[in-house]
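Asks: show me the folded form of this:
(one chain, ligands or ions: 1)
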Amino acid sequence: MTFFYKKAKQLIYYDEPVIRPPAEADSLILQATIGCTHNRCTFCITYKQKKYRIREFSEIKAEIDWVSQRAQGIRKVFLGDGDALAMPTDELIRLLAYLREKLPLLKKIAVYASPGNFVSKSVQDLVRLKNAGLTLAYVGFESGDDDTLQHIKKGFSSDQMATLMEKPNEAGLKLSATVILGLAGPAHMKRVAENTARLIDRVQPRFASALTLMLPFGEDSYKKHWPVDWRMPQPAETLTELRYLVNAITADKIIFRANHASNYLPIEGTFQKGKARMLVQIDSALAGQHALRPEFLRGL
Ligand code: SF4
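Replies: You can find the predicted model right below:
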């Protein structure tokens, strides 16, 4: 379904659903692309109804013009949809340049990215994008466990993702990696969490976030990709997986957040100095000393 954010004649085009990371709550959101180039992850329904396309520059330009005439103070822009980094480098640079020209106080331009976007981008491309104003790419790893990655049809192994992330790291482009608790069910959570920690340690993104699996349209279509004994983890089990993950991360200076609306217990901290505090928070929640977010308040 398509909506327009409309005031008088104005249009910011929003092809719903539009999602953004929690840290982009105060950003201007623009859809540079629609949908996701991969669109095959078994847990992800966000873009299933959308056919991937790059929006015409003239359309986005009109939106930037409109915004710039009314809100010059904008400091943060987030470019959607699922992997706007898939745009050809020169087109994205043109968009970044126009944003910076029209919004002179802009400090941050972030984008969603999928691992596949880094296959076609060279280090030099990423340096050019960074120099043009791209400050952060949110990349969905989902897991560092190869068995899980296969079941969810991510399209890349843990090793392949780690190798691809050497490009943005070399280019100096900041990364925010996202993983999802509960994907493999409760049976293998220790192995999954430790493999995921290993991937985070290897990539050392500036930020890492853990979300919790939600299947708003039921479990059936997700479950069929797993052995028959797969089941949705209980809240305490996802906390246990979170504990394994936090405990196993050894890299330093990563800002870690598990404060997404899908999480039962919002925590955040910086590795390694905040690790002990985060573990204490999880342990007290597991001991029943903290109320968990009720199911009806969870969201994607
Ligand atoms: S790459 Fe991201 S947006 Fe695309 S299907 Fe997978 S989880 Fe969804």
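
Asks: identify each buried residue in stretch 234-254, please.
Replies: 235, 237-246, 248-249, 251, 254 (16 or more other Cβ atoms under 10 Å). Where C-beta positions appear, they are placed from N, C-alpha and C, glycine not excepted.

Asks: export only the CA atoms of it, formatted as CSV.
Replies: Presented in CSV, the C-alpha positions along stretch 234-254 are these (Å, rounded to 0.1, in the frame of the first residue of the first chain):
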residue,chain,number,x,y,z
GLN,A,234,10.1,-18.6,25.5
PRO,A,235,11.0,-15.1,26.7
ALA,A,236,13.5,-16.5,29.3
GLU,A,237,15.1,-18.6,26.6
THR,A,238,15.8,-15.6,24.4
LEU,A,239,17.3,-13.9,27.4
THR,A,240,19.5,-16.9,27.9
GLU,A,241,20.6,-16.6,24.3
LEU,A,242,21.3,-12.9,24.8
ARG,A,243,23.4,-13.8,27.9
TYR,A,244,25.4,-16.3,25.9
LEU,A,245,26.0,-13.7,23.2
VAL,A,246,27.0,-10.8,25.5
ASN,A,247,29.2,-13.1,27.5
ALA,A,248,31.0,-14.5,24.4
ILE,A,249,31.8,-11.2,22.7
THR,A,250,35.4,-10.4,23.4
ALA,A,251,36.0,-7.4,21.0
ASP,A,252,36.4,-4.0,22.6
LYS,A,253,34.7,-0.7,22.1
ILE,A,254,31.6,-2.0,20.4
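
Asks: ok, back up a step: now, which of the buried residues of stretch 234-254 lie within helices?
Replies: Judged by DSSP state H, the buried residues of stretch 234-254 include Pro235, Glu237, Thr238, Leu239, Thr240, Glu241, Leu242, Arg243, Tyr244, Leu245, Val246, Ala248 as members of helices.

Asks: ok, whichever residue of the stretch 51-200 of the chain sits closest to the ligand - contacts?
Replies: Across the stretch 51-200 of the chain, the shortest distance to the ligand (Cβ to the nearest ligand atom) belongs to Gly82, at 3.4 Å. Going by Cβ atoms under 8 Å, 6 or more residues apart in numbering, Gly82 touches Thr33, Gly35, Cys36, Thr37, His38, Asn39, Thr46, Tyr47, Tyr112, Ser114.

Asks: turn the residues you listed into a markdown table, columns for pLDDT, distance to Pro186 and secondary structure.
Replies: Rendered in a markdown table, the data for the contacts of Gly82 read as follows (pLDDT from 0 to 100; distance: Cβ to Cβ, whole Å; DSSP: H, G, I helix; E, B strand; the rest coil):
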| residue | pLDDT | distance to Pro186 | secondary structure |
| --- | --- | --- | --- |
| Thr33 | 97 | 36 | strand |
| Gly35 | 97 | 32 | coil |
| Cys36 | 97 | 28 | coil |
| Thr37 | 96 | 32 | coil |
| His38 | 96 | 27 | coil |
| Asn39 | 96 | 28 | coil |
| Thr46 | 92 | 25 | coil |
| Tyr47 | 92 | 28 | coil |
| Tyr112 | 96 | 29 | strand |
| Ser114 | 96 | 27 | coil |
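
Asks: near the ligand too, which of these?
Replies: Checking these against the ligand by Cβ under 6 Å from any ligand atom, the ones in range are Cys36, His38, Asn39, Thr46, Tyr47, Ser114.

Asks: report the buried members of these.
Replies: Of the ones next to the ligand among the contacts of Gly82, these count as buried by 16+ other Cβ under 10 Å: Cys36, His38, Asn39, Thr46, Tyr47, Ser114.

Asks: out of those residues, which is nearest to Ile267?
Replies: Thr46 (24.3 Å; Cβ to Cβ).

Asks: just give the nearest non-adjacent residue to the residue of the stretch 51-200 of the chain closest to the ligand, would you?
Replies: Nearest residue to Gly82, sequence neighbours excluded (Cβ to Cβ, 6 or more residues apart in numbering): Cys36, at 3.1 Å.

Asks: surely the one you found touches Pro115?
Replies: No: with contact defined as Cβ atoms under 8 Å, Cys36 does not reach Pro115; the gap is 12.0 Å.
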